[in-house]
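1. Got a sequence here, can you model it:
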Amino acid sequence: MDRKEYDQMADELQPTGHKVKNGFNAFLYGGVMGVIAQGVLDFYMNILDVSEKDATPMMVITLVFVACLLTGLGLYDNIAKHAGAGTFIPITGFANSMTSSALDSKTEGLIMGIGSNMFKLGGTVITYGIVSASLLGVIRYVIALLW
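-> Next up is the predicted model:
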């Protein structure tokens, strides 16, 4: 098979994307997740009478727990098929990546399996999050000094 045949076959097998539809679905599902998060926050603040300062981390923990539970039950991937980026951009996507990596490697044991593989997907997010936050912090500090 020469390069031209390979390129032709690759083009035929390339999935056709519906970018507008996928973008709309991501926006819709991400918005629904935001509404759910706000509902959980309001529940903690209004029903359980928790301060906003304390209710916010409780809401985040609740969303992470639910995402981990849905991942463990095999339901999160089905939601992600329809929602696309609407599920992996929020904190729930990070929880899903950590949980799925841990579940995939559980047969290898606690140390060499779960412990060493859990951060394969999530480690990148943590690394780039720390680097970008540090760079933006330095930029903000320099601007504050000059302003």
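2. Number of residues surrounding the closest residue to residue 76 other than its chain neighbours?
-> Setting aside the residues directly before and after it, residue 76 is nearest to residue 70 in space (CB to CB, 6 or more residues apart in numbering), at 4.1 Å. (C-beta placed from N, C-alpha, C; glycine too.) Around residue 70 there are 20 other residues, counting by other CB atoms under 10 Å.
3. Contacts only, for residue 70.
-> Residue 70 makes contact with 76, 79, 96, according to CB atoms under 8 Å, 6 or more residues apart in numbering.
4. how far away is it from residue 43?
-> According to CB to CB, to the nearest Å, residue 70 stands 19 Å off from residue 43.
5. what's the residue closest to the geometric middle of this structure?
-> Central residue of the chain (CA atoms, centre = their mean): residue 93, 2.0 Å from the mean position.
6. That residue contacts residue 87, correct?
-> Yes - checked against CB atoms under 8 Å, the pair residue 93 and residue 87 is within contact range at 5.6 Å.
7. Helix or strand: which one has the residue nearest to residue 76?
-> Assessed by DSSP states H and E, residue 70 sits inside helix 52-72.
8. what's the answer for residue 17, then?
-> Counting by DSSP H and E, there is no helix or strand that carries residue 17.
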